[in-house]
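build me a model:
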Amino acid sequence: MSLCKFAGKAQYQIFCCLLAVAFMILITGCTFDPVSKNPEEAMAESRLVYAASDGLYLTNLTGETPNKVLDDRGLSYPVFSEKGDRIIFRKTVRENNSDTYIDRVTIFVYDIASGQNIMLGEEVLSYCAGPENSFLISTKDGKLLQADLHVTSSEGKELLEYETRDLSLWPEAVSQNPDIAITYENLKASPDKKYLAYNVNVQDNRIEDGREGGYYYSGGMYVLNLPSEEAVLVVKPIRSTPESLGNNPEPGPWSRDGTILTVWDKPQSGSLSADGVNCLFYHVDTKKTTTFDSSLLAYDENISFSRKNNIAALTGYGRDMFADKRIDEITDVSGSSAVFHTLQEIYRKGLVPAMPQFSADGKTLYFAAMKKTDLKGLDEGQWMSEDYQNVYPLKRQLYAMALNGSREIREITSDPQYRCESPILLNNEKYLVFGRANAEDYDGSMSIWMVSADGKDERLLGEWQEEEYNDVWMSDKYDDYYGRGSWHGIFAIYDATK
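The predicted structure follows:
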């Protein structure tokens with residue numbers, strides 16, 4: 001065989017192989033990623049931060065010993081920047097006097113690479129991660145700011161510095177007057193950091209209805225397009241009258257693709273809101289809303305989106321998390337009213353669910369739940385304080401439900417002496433990160449774990465002891481009086497898995 005013929009045959013074989021690869025890509029939608037990481041590398045690059053009683057701790061998701069990066073008390077609500085290299089958090093100092101107390105809140109940012117931290121302000125109301133690795137913050141004096149941080153060197157030392165850009169826009173639904181002040185609250189950036197949702201609170205210091213000063217009401221709920229700096233009024237404010245109650249709408253979770261925003265349609269009454277509200281789904285592309293006429297508790301962990309924008313919603317009237325709670329699957333929000341059905345299998349299994357987490361494809365639902373048999377009748381109308389003490393601490397475990405095929409519900413964790421809560425499904429959908437607390441008695445023992453979706457692999461990520469606790473609260477960061485058990489104020493994840 002000649003060399004020319006051999007080369008032609010080799011080229012033909014290579015061409016056939018490339019054609020086969022191209023055909024596979026065409027029919028499967030696969031892509032080649034030359035810098036893709038193996039699962040363990042992705043877990044090592046993922047980060048967990050948590051606020052313990054004695055400081056701020058940082059670790060990855062491989063089970064390495066956590067590193068205490070800040071030694072301080074009163075820290076809570078950590079949030080990662082977009083790239084996962086900085087953390088914003090708050091420090092609370094409680095000042096007591098004979099009659100009452102005041103919480104002094106200061107906001108800081110910690111830079112992981114340099115180990116430096118900087119104070120952003122003492123008058124911050126709300127914050128979230130922003131575009132281009134920034135943080136978005138709102139202040140008590142009525143400003144909406146973008147804080148951009150950078151590290152500089154001076155005399156051989158690294159210093160963390162920041163600059164702010166004013167994003168404040170006077171709200172469309174509020175008249176401008178020297179005696180009217182506003183604040184931006186409950187900042188929620190979309191996953192792509194293109195949009196920022198917030199609600200406006202109004203302080204009207206004019207004389208009105210015989211009252212002087214300090215008259216508060218809603219100024220509406222808005223979505224700000226960050227690149228264009230244009231805001232859209234999503235929910236108009238309704239003022240209270242002697243005959244009817246006004247509203248106080250707030251933004252909730254975004255969909256994964258940032259096209260749909262949950263809106264908590266709260267009334268202007270904290271007590272009524274605590275027992276359940278309706279919600280809306282706002283479509284940023286069409287500026288239309290879809291109503292979901294079912295009672296929900298307005299906590300972000302009660303809503304979860306799939307990639308196709310199916311939605312899992314924890315519903316049921318009443319602030320007590322152990323009574324009248326179910327999970328609804330919302331299958332269509334394209335019209336004026338949401339189409340949904342209740343997952344009755346969970347109720348028939350004898351479970352009281354909480355904290356739903358959808359898989360990306362919407363075929364699996366993860367959630368925390370307690371067994372009705374552990375409630376000892378409390379969910380059936382026994383509301384005396386001694387009855388609460390009979391079932392506390394609540395005992396929750398993690399479960400998974402198949403939403404196609406078998407509809408099987410399986411237990412992921414099985415730890416009767418502990419309560420497992422606030423599951424977060426990683427992007428690779430192989431693991432859930434969750435909080436675990438002692439369910440035998442409130443001794444202040446708290447920990448964060450990671451468990452595989454099949455329940456076979458568990459890793460301890462961090463543990464600590466809360467110093468101040470009682471029969472109901474394990475810590476100020478752990479809202480639990482009505483059985484919520486949220487870890488939102490304790491830990492955050494930067495997820496590098498795919």
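
how about the contacts made by Gly220?
By C-beta atoms under 8 Å, 6 or more residues apart in numbering, Gly220 lies in contact with 171-174, 199-200, 233-237, 249. Yep, even glycine has a C-beta here, placed from its N, CA and C like the rest.

mind listing the helices in this structure by residue range?
Assigned by DSSP state H, the helices in the chain fall at 3-28, 39-45, 270-274, 344-348, 385-391.

need the CA coordinates for the third one. CSV is fine.
It stands for helix 270-274. The C-alpha coordinates for helix 270-274 follow below in CSV (Å, rounded to 0.1, in the frame of the first residue of the first chain):
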residue,chain,number,x,y,z
GLY,A,270,-48.3,41.9,60.0
SER,A,271,-50.7,39.6,62.0
LEU,A,272,-52.8,38.7,59.0
SER,A,273,-49.7,38.2,56.8
ALA,A,274,-48.2,35.8,59.3
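
ok, residues contacting it?
With C-beta under 8 Å, 6+ apart, helix 270-274 has contacts from 245, 248, 264, 266-267, 297-298, 319.

which parts of that helix are buried?
Ser273 (16 or more other C-beta atoms under 10 Å).

look up how far Glu172 lies from Lys236.
9 Å (C-beta to C-beta, to the nearest Å).

what do you get for Arg47?
Applying C-beta to C-beta to Arg47 and Glu172 gives a distance of 39 Å.

for the two, indicate the residue with more neighbours.
When Arg47 and Glu172 are compared for neighbours, Arg47 comes out ahead with 19 against 13, by other C-beta atoms under 10 Å.

center of this protein - which residue?
With distances taken as C-alpha atoms, centre = their mean, Asp300 lies nearest the centre of the chain, 5.6 Å away.

roughly how far does the nearest residue to that one once chain neighbours are set aside sit from Pro237?
Leaving aside its chain neighbours, Asp300 sits nearest to Pro253 (5.0 Å; criterion: C-beta to C-beta, 6 or more residues apart in numbering). The gap separating Pro253 from Pro237 is 22 Å, by C-beta to C-beta.

Met119 too?
Met119 is 33 Å from Pro237, by C-beta to C-beta.

with neighbour numbers in mind, choose between those two.
More crowded of Met119 and Pro237, by other C-beta under 10 Å: Pro237, with 21 against 12.

you'd agree that one is up against Gly219?
Yes: counting by C-beta atoms under 8 Å, Pro237 does reach Gly219; the two are 5.6 Å apart.

what residues are shared contacts of the two?
Joint contacts of Pro237 and Gly219 (C-beta under 8 Å, 6+ apart) are 173-174, 200, 202.

name the member of those with the most neighbours.
Going by other C-beta under 10 Å, Val200 tops these with 28 neighbours.

contacting residues for it?
For Val200, the contact set (C-beta under 8 Å, 6+ apart) comprises 171, 173-174, 182-185, 218-222, 237.

with adjacent residues omitted, what lies nearest to Tyr77?
Using C-beta to C-beta, 6+ apart, the nearest residue to Tyr77 is Gly489, at 4.9 Å.

try Arg484
Once flanking residues are discounted, Arg484 sits nearest to Met321: 5.5 Å by C-beta to C-beta, 6+ apart.

separation between Glu466 and Ala42?
Glu466 is 31 Å from Ala42, by C-beta to C-beta.

in stretch 88-96, what counts as buried?
Under the neighbour-count criterion of 16+ other C-beta under 10 Å, stretch 88-96 has 88-91 buried.

apologies, that question was intended for stretch 267-286.
267-268, 273, 276-284.

stretch 462-481 - what's its average pLDDT?
The average pLDDT within stretch 462-481 is 70.

make JSON lines out of the contacts of Gly220 and add pLDDT and distance to Gly335.
Formatted as JSON lines, those follow (pLDDT from 0 to 100; distance: C-beta to C-beta, whole Å):
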{"residue": "Pro171", "pLDDT": "97", "distance to Gly335": "29"}
{"residue": "Glu172", "pLDDT": "96", "distance to Gly335": "26"}
{"residue": "Ala173", "pLDDT": "97", "distance to Gly335": "26"}
{"residue": "Val174", "pLDDT": "96", "distance to Gly335": "31"}
{"residue": "Asn199", "pLDDT": "98", "distance to Gly335": "25"}
{"residue": "Val200", "pLDDT": "98", "distance to Gly335": "29"}
{"residue": "Leu233", "pLDDT": "98", "distance to Gly335": "22"}
{"residue": "Val234", "pLDDT": "98", "distance to Gly335": "18"}
{"residue": "Val235", "pLDDT": "98", "distance to Gly335": "19"}
{"residue": "Lys236", "pLDDT": "97", "distance to Gly335": "21"}
{"residue": "Pro237", "pLDDT": "96", "distance to Gly335": "26"}
{"residue": "Pro249", "pLDDT": "97", "distance to Gly335": "21"}
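
tell me the one among the residues you listed nearest to Gly444.
Asn199 (34.9 Å; C-beta to C-beta).

quick one: that closest one and Leu187 touch, right?
No: Asn199 is not in contact with Leu187 according to C-beta under 8 Å; the separation is 9.5 Å.

looking at these two, which is more packed in?
Neighbours were counted for Asn199 and for Leu187 using other C-beta under 10 Å; Asn199 has more, 27 against 22.

tell me how far the residue lying closest to the more buried one once chain neighbours are set aside lies from His488.
Leaving aside its chain neighbours, Asn199 sits nearest to Met221 (4.5 Å; criterion: C-beta to C-beta, 6+ apart). Counting by C-beta to C-beta, the separation of Met221 from His488 is 21 Å.

dump the residue contacts of Pro394.
No Pro there; residue 394 is Leu. Residues near Leu394 by C-beta under 8 Å, 6+ apart: 321-322, 370, 374, 419, 439, 483, 485.

which among those gets closest to Asp495?
Once C-beta to C-beta is applied, the member of those that ends up nearest Asp495 is Gly485, at 22.1 Å.
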